[in-house]
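>>> Fold the following, please.
(chains A and B)
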Amino acid sequence: MGRRVLVTGLGSFWGGRVAQTLEQDPEVDVIVGLDTREPSVPLDRTEYVRVDENYSILSRIVRATQVDTIVHTFLVVDSNQVPASQMHDTNVIGTMNLFAAASQPESRVRNVVVKSSTLVYGSTPADPVWFSEDTRRPAFPRLRVERSLLEVEGYVRDYATDNPHVVVSLLRFSNVLGEDIVTPITRALDLPIVPAVFGYDPRVQFVHEVDVVRAIMHVLDHDLGGIYNVAGDGLLPWSEVAAICGKRLGPLPPVGRRLVASTLSRLGIVDMPTELIELLTYGRGADNRRLKEAGFAYRYTSAGAVHAYADAARLRRTVGRRVSYHYERDVEQFFRHSPAVVRDQA
Amino acid sequence: MVAEKRSGRSRPPLVAVPEPDADAHGGRYAAGEAGGTGTAAADGADAGAPISAPTPDGERLSDVDEWGRSQHLRDILAKLYDPLYERWFRVEWEGFDKIPRTGGALMVANHAGAIPTDAPSIMHGIERDLHRPVYGLADEVFKRIPLVNLGWSRLGGVQAHPDNAYRLLREQQQLVMVFPEGARGPGKLYRERYQLRRFGRGGFVQIAMRAGVPIIPLAIMGNEETMPIVFKIPAVAKALGVPYAPITANMLALGPLGVLVPFPAKLRIRVLDPVVLDVLPDQPRYSRSRIMDTSEDIRHAIQADLHDMLRHRQSVWFG
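A predicted model of the protein is given here:
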């Protein structure tokens, strides 16, 4: 019997991509995707279930579908994206309910992958240049999104401890760049003048969007278990990132930078969540050697990811962003369940 | 290479399906071709849209390394600093040969002067004559201050975190410099000159033990007189969040210019015999008493050599 996979956050960039990749895998029998939003990418056989933010019907879904694998990509890592209370509901309450459902006695879950972020290390002057998975963060987490993700990781650890028969992998992704993804960083780099903090030029690290999906699949395929940083090789200064994109820097004042950034964000001029302005002040590096030792080969370095983004951005300037897919419930249901559709060509 | 890649696939995949065993070097872009576990065209609608060939290794535009150091900027600074080193401070070394030409080593020195001249002099002298970089470990206060953090980092300064020191010394076998007195050294008053402060908690010894590198003590004479502190204003320091806010003799003598201009005291740097720690590297813990004893021994050795050098000094300005 093949794998039965539950993907959370199917409507998100990552959920959709992971589901698409899983669909290509003949070993995967069933893919169930949860989200509050409809999928944003075309999917052939993934079943989409609309849920509320904190997944209150989750235990029923886990029981009914008998999933053995959970890919938890539905975590908010951008504090400007949703209001604070919703971030708490999605991240902390959502994860809590997910693991509550996965640990019920009749659960068949044997494999869990959680997509966390290197945000859990923070970005402060006391930091080492490289954070390994075991480095204790030197500064107390002050940002809401950092605390939220640390709470999520707490639930992941508890679940892993209580369920030693389940392979739990916690992946901490560095900032993602690539051809398609839109984040506060890409929005900053899309501006005619790229925001920076005066008097600072921190080194930042990126992972390419392709490597994100590949890393998730790698830990699934190899039943790795444990905590892994996922980040491209090398660090490069923010000024160089802007230079690769052919942009000039516009420095914000270092004192009161958070206030300035949040005011500009509120006015809609930039999208600079607090965690980004702190990253652009102090930078962050995550040591990626543990995942490499586990057999993963990155396709892109940090600088390579920036170049890939810059190339794609240049193309977009001419042809615009591609039309996105629209989910049509009836059409999707027809193709999946109508007796009129000839399936199983193999 | 690039042209070949572009022509190799006219309809490139937007999502490469993970191939766990894909070779990192060959076939990096082979995902779209037969033989892979499959190819997912992410978006049926845009499979025809050409995207440019990605640049996996990514050409770098600057030479800033992972620690923030730029050899290019160091070379520019060396041109500017060399006259100061040669003519103003007239730096003289004793026992320069004891500094290794290869391999990791941790240099520790006494630290003095409101804006210490010892760090740039040591770094400049070694980089000029041994042609190898020197990384200086510094307190996080450097990383906090705008512009200062940038200059310090580009010129070889690194946040004094044990993980940074270990990586530099053990994995990269670099020369690293640290002032174990920290801000207590430069922050002392002129009447306390050449009296070494506490050497922290001996963290530098522990790092050298873990990294398996020798410690090279340096005794520096003259730095105390380049920018002597007459008195300090703790309230200002507290308000600015810096370790000390001094009124220096330079400020009293030269006015606002004195904030930055050091007196031309003669700098003498004596390299003491390297201390080789007879322990296994990479242990999780080392004996606390051993660490503290070694730390105290090194402090006493530097103090004794400073006294010896001072005994022979004829003049503050001419050595």
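>>> can we go C-alpha only for contacts and neighbour counts from here?
Will do.
>>> contacting residues for residue 175?
By default, I'm working from chain A. The contact partners of A:Asn175, by Cα atoms under 8 Å, 6 or more residues apart in numbering or on different chains, come to A:Thr118, A:Gln205, A:Phe206, A:Val207, A:Ala231.
>>> oops, I was thinking of chain B
Applying Cα under 8 Å, 6+ apart to B:Leu175 gives the contacts B:Gly103, B:Gly104, B:Ala105, B:Leu106, B:Met107, B:Arg132, B:Pro133, B:Val134, B:Tyr135, B:Leu168, B:Leu169.
>>> So stretch A:329-346, near chain B or not?
No - on the criterion Cα under 8 Å from any Cα of the partner chain, stretch A:329-346 is out of touch with chain B, staying 15.0 Å away.
>>> what's the closest non-adjacent residue to the residue of chain A found nearest chain B?
As assessed by Cα to the nearest Cα, chain B sits closest to A:Gly304 within chain A, at 3.6 Å. Spatial nearest neighbour of A:Gly304, chain neighbours left out: B:Gly58 (3.6 Å); criterion: Cα to Cα, 6 or more residues apart in numbering or on different chains.
>>> I figured that neighbour hits A:Arg299, correct?
No - using Cα atoms under 8 Å, B:Gly58 makes no contact with A:Arg299, being 10.8 Å away.
>>> Look at those two and report which has more neighbours.
The residue with more neighbours, out of B:Gly58 and A:Arg299, is A:Arg299; 24 against 17, by other Cα atoms under 10 Å in any protein chain shown.
>>> As a check, name the ranges of all strands in the stretch 1-150 of chain B.
Taking DSSP state E, counting those that start in this stretch as the criterion, the stretch 1-150 of chain B carries its strands at B:92-94, B:105-109, B:134-138.
>>> So which of those strands is nearest chain A?
Closest to chain A of the strands of the stretch 1-150 of chain B, according to Cα to the nearest Cα: strand B:134-138, at 10.7 Å.
>>> As CSV, could you dump the C-alpha coordinates of that closest one?
The C-alpha trace of strand B:134-138 is given here as CSV (Å, rounded to 0.1, in the frame of the first residue of the first chain):
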residue,chain,number,x,y,z
VAL,B,134,43.7,38.3,10.8
TYR,B,135,40.2,38.2,12.3
GLY,B,136,39.6,40.3,15.4
LEU,B,137,36.9,39.1,17.9
ALA,B,138,35.0,42.0,19.4
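>>> tell me the mean pLDDT for that strand?
The average pLDDT for strand B:134-138 rounds to 94.
>>> Centre of the chain to it, how far?
2 Å (Cα atoms, centre = their mean, to the nearest Å).
>>> ditto for stretch B:137-154
With Cα atoms, centre = their mean, you get 10 Å for stretch B:137-154.
>>> sorry, back to before: go through the contacts of B:Leu175 and say which is closest to A:Phe131.
Closest approach between those and A:Phe131, by Cα to Cα: B:Leu168, at 14.2 Å.
>>> quick one: the closest one from B:Arg285, how far?
19 Å (Cα to Cα, to the nearest Å).
>>> Neighbour count: the two, which is higher?
Comparing B:Leu168 with B:Arg285 by other Cα under 10 Å, the one with more neighbours is B:Leu168, at 21 against 9.
>>> Next, give phi and psi for the closest residue to the more buried one other than its chain neighbours.
Distances taken as Cα to Cα, 6+ apart put B:Gln174 closest to B:Leu168, at 5.6 Å, once the chain neighbours are dropped. Dihedral pair for B:Gln174: phi -100, psi 170, per degrees, to the nearest 10.
>>> cool, and A:Arg4?
A:Arg4 adopts backbone torsions of phi -120, psi 110, taken as degrees, to the nearest 10.
>>> Is it in contact with A:Thr69, as I believe?
Yes - shown here, A:Arg4 and A:Thr69 form a contact pair, counting by Cα under 8 Å, at 6.2 Å.
>>> okay, the two: which has more neighbours?
Summary of the neighbour comparison: A:Arg4 and A:Thr69, criterion other Cα under 10 Å, with A:Thr69 having more neighbours (23 against 19).
>>> Show me the beta-bridge partners of the more buried one.
Counting by DSSP bridges, A:Thr69 is bridged to A:Val5, A:Asn111.
>>> can I assume it is in contact with A:Asn111?
Yes - using Cα under 8 Å, A:Thr69 is in contact with A:Asn111, at 4.7 Å.
>>> Return the distance of B:Lys232 relative to B:Leu257.
From B:Lys232 over to B:Leu257 (counting by Cα to Cα), the distance is 18 Å.
>>> Have a look at the two and say which one is more surrounded.
Shown here are B:Lys232 and B:Leu257; by other Cα under 10 Å, B:Lys232 has more neighbours (16 against 12).
>>> can you pull the contacts of the more buried one?
Taking Cα under 8 Å, 6+ apart, one finds B:Tyr244, B:Ala245, B:Pro246, B:Ile247 in contact with B:Lys232.
>>> Which among the strands of the stretch 1-150 of chain B is found nearest to A:Leu10?
Nearest of these (Cα to Cα): strand B:134-138, 46.0 Å.
>>> For the stretch 201-346 of chain A, what lies in contact range of chain B?
Listed as neighbours of chain B in the stretch 201-346 of chain A under the rule Cα under 8 Å from any Cα: A:201-203, A:210, A:213-215, A:217-218, A:221, A:234-237, A:240, A:243-244, A:254, A:282, A:295-308, A:311-312, A:315, A:322-323, A:325.
>>> Now with 6 Å, please.
The interface of the stretch 201-346 of chain A toward chain B, taken as Cα under 6 Å from any Cα of the partner chain, is made up of A:Arg214, A:His218, A:Leu235, A:Ala297, A:Arg299, A:Tyr300, A:Thr301, A:Ala303, A:Gly304, A:Ala308.
>>> Next, format those as JSON lines and append pLDDT and secondary structure.
What follows is these, written out as JSON lines (pLDDT from 0 to 100; DSSP: H, G, I helix; E, B strand; the rest coil):
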{"residue": "A:Arg214", "pLDDT": "95", "secondary structure": "helix"}
{"residue": "A:His218", "pLDDT": "95", "secondary structure": "helix"}
{"residue": "A:Leu235", "pLDDT": "95", "secondary structure": "coil"}
{"residue": "A:Ala297", "pLDDT": "95", "secondary structure": "coil"}
{"residue": "A:Arg299", "pLDDT": "95", "secondary structure": "coil"}
{"residue": "A:Tyr300", "pLDDT": "95", "secondary structure": "coil"}
{"residue": "A:Thr301", "pLDDT": "94", "secondary structure": "coil"}
{"residue": "A:Ala303", "pLDDT": "94", "secondary structure": "helix"}
{"residue": "A:Gly304", "pLDDT": "94", "secondary structure": "helix"}
{"residue": "A:Ala308", "pLDDT": "94", "secondary structure": "helix"}
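>>> Which strand or helix spans the spatially closest residue to B:Arg193 that is not a sequence neighbour?
Nearest residue to B:Arg193, sequence neighbours excluded (Cα to Cα, 6+ apart): B:Glu224, at 6.1 Å. Element membership for B:Glu224, per DSSP states H and E: helix B:223-226.
>>> May I see the contacts of A:Asn175 arranged in CSV, with pLDDT as well?
Converted to CSV, the contacts of A:Asn175 look like this (pLDDT from 0 to 100):
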residue, pLDDT
A:Thr118, 95
A:Gln205, 97
A:Phe206, 97
A:Val207, 96
A:Ala231, 96
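>>> now A:Pro192, nearest residue through space, not along the chain?
Per Cα to Cα, 6+ apart, closest to A:Pro192 is A:Lys247, 6.7 Å.
>>> Within its local environment, how many residues does the one you found see?
A:Lys247: 17 surrounding residues under other Cα under 10 Å.
>>> Appreciated, that's everything.
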